[in-house]
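Student: Fold the stuff below for me.
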Amino acid sequence: MIEQDRMTAFINSLDQGNAPYLDELERIAKKDDVPIVRKDSQALLKFLMAQASPVNILEVGCATGFSALLMAEYSRDDAKITTIEKYEKRIPIARDNFIKYDSKHKITLLEGDATDILKTLTPGYDFIFMDAAKGQYINFLPECLRILNKGGLLVSDNVLQDGDVIESRFAVTRRDRTIHARMREYLYELKHNDMLNTVILTVGDGMTLSVKVK
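Tutor: Sure, this is the predicted structure:
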């Protein structure tokens with residue numbers, strides 16, 4: 001039986017790395033305990049930027065801007081990225097990072113609660129990256145489906161909750177039970193919604209790839 005952590009470490013050891021400024025932003029984020037997309041998840045995002053070649057990208061959950069900049073760095077030249085963040089302490093950091101590193105001016109930062117902002121967006125997104133509060137994924141899904149193009153890709157990060165998602169609700173701490181229940185509901189919906197064809201991957205802390213088929 002393959003030991004997952006060792007296999008992940010081996011796969012990550014083969015990675016060529018990112019642009020130097022991204023490696024530095026990743027180092028700072030880890031030092032400051034800011035959640036950041038994991039190495040193997042970064043590799044998958046970079047692959048999807050190349051393979052799907054999206055033009056109109058939405059990110060739900062910006063933090064300090066690392067993943068938006070990652071997508072900007074490795075997407076096509078005419079791609080446009082809209083990213084949403086509500087945490088007031090992180091917004092200025094993300095804005096400064098975009099000023100410094102978004103040299104092709106691909107990124108637009110929308111400040112506020114995604115619950116409200118998603119309702120104001122018009123359809124036409126090729127690619128949506130869900131990386132916000134995990135307990136809210138199920139609530140964001142209807143609006144994401146509304147604005148995602150047919151054939152577009154919805155990518156959701158951190159869906160396995162460090163393995164907690166497979167546990168009984170009584171095996172997780174009381175404060176995490178609502179998030180646990182909502183993530184299980186979200187995964188069920190992704191796999192059973194007629195509008196989507198979804199695969200669940202164990203990359204990083206779990207990622208789903210959902211193609212909108214209707």
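Student: what's the longest strand in this structure?
Tutor: In the chain, taking DSSP state E as the definition, the longest strand is strand 148-157.
Student: Keeping just the C-alphas, turn it into PDB.
Tutor: What follows is strand 148-157, C-alpha atoms only, in PDB (Å, rounded to 0.1, in the frame of the first residue of the first chain):
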ATOM      1  CA  LEU A 148     -20.300  29.400 -15.400                       C
ATOM      2  CA  ASN A 149     -20.300  28.700 -19.200                       C
ATOM      3  CA  LYS A 150     -21.500  25.400 -20.500                       C
ATOM      4  CA  GLY A 151     -18.200  23.400 -20.900                       C
ATOM      5  CA  GLY A 152     -16.600  25.600 -18.200                       C
ATOM      6  CA  LEU A 153     -14.700  24.200 -15.300                       C
ATOM      7  CA  LEU A 154     -15.400  24.600 -11.500                       C
ATOM      8  CA  VAL A 155     -12.400  23.700  -9.400                       C
ATOM      9  CA  SER A 156     -12.900  23.400  -5.600                       C
ATOM     10  CA  ASP A 157     -10.000  23.200  -3.200                       C
END
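Student: what is the rounded mean pLDDT of stretch 202-209?
Tutor: For stretch 202-209, mean pLDDT is 93.
Student: now the helices for the chain?
Tutor: 4-13, 20-31, 39-52, 66-74, 91-101, 114-120, 137-147, 177-192 (DSSP state H).
Student: Would you mind finding the most buried of those?
Tutor: Among the helices of the chain, helix 66-74 has the highest mean neighbour count (mean count of other CB atoms under 10 Å), at a mean of 23. In short, each C-beta sits where N, CA and C put it, glycine included.
Student: Distance check, residue 122 against residue 129.
Tutor: 18 Å (CB to CB, to the nearest Å).
Student: So these two - more neighbours on which side?
Tutor: residue 129 (26 against 7; other CB atoms under 10 Å).
Student: Please list all residues in contact with the more buried one.
Tutor: Residues near residue 129 by CB atoms under 8 Å, 6 or more residues apart in numbering: 45, 57, 58, 59, 60, 67, 71, 155, 157.
Student: Any chance of TSV for those residues, columns distance to residue 134 and pLDDT?
Tutor: Formatted as TSV, these follow (distance: CB to CB, whole Å; pLDDT from 0 to 100):
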residue	distance to residue 134	pLDDT
45	18	97
57	21	98
58	18	98
59	15	98
60	11	98
67	15	98
71	20	98
155	14	98
157	9	96
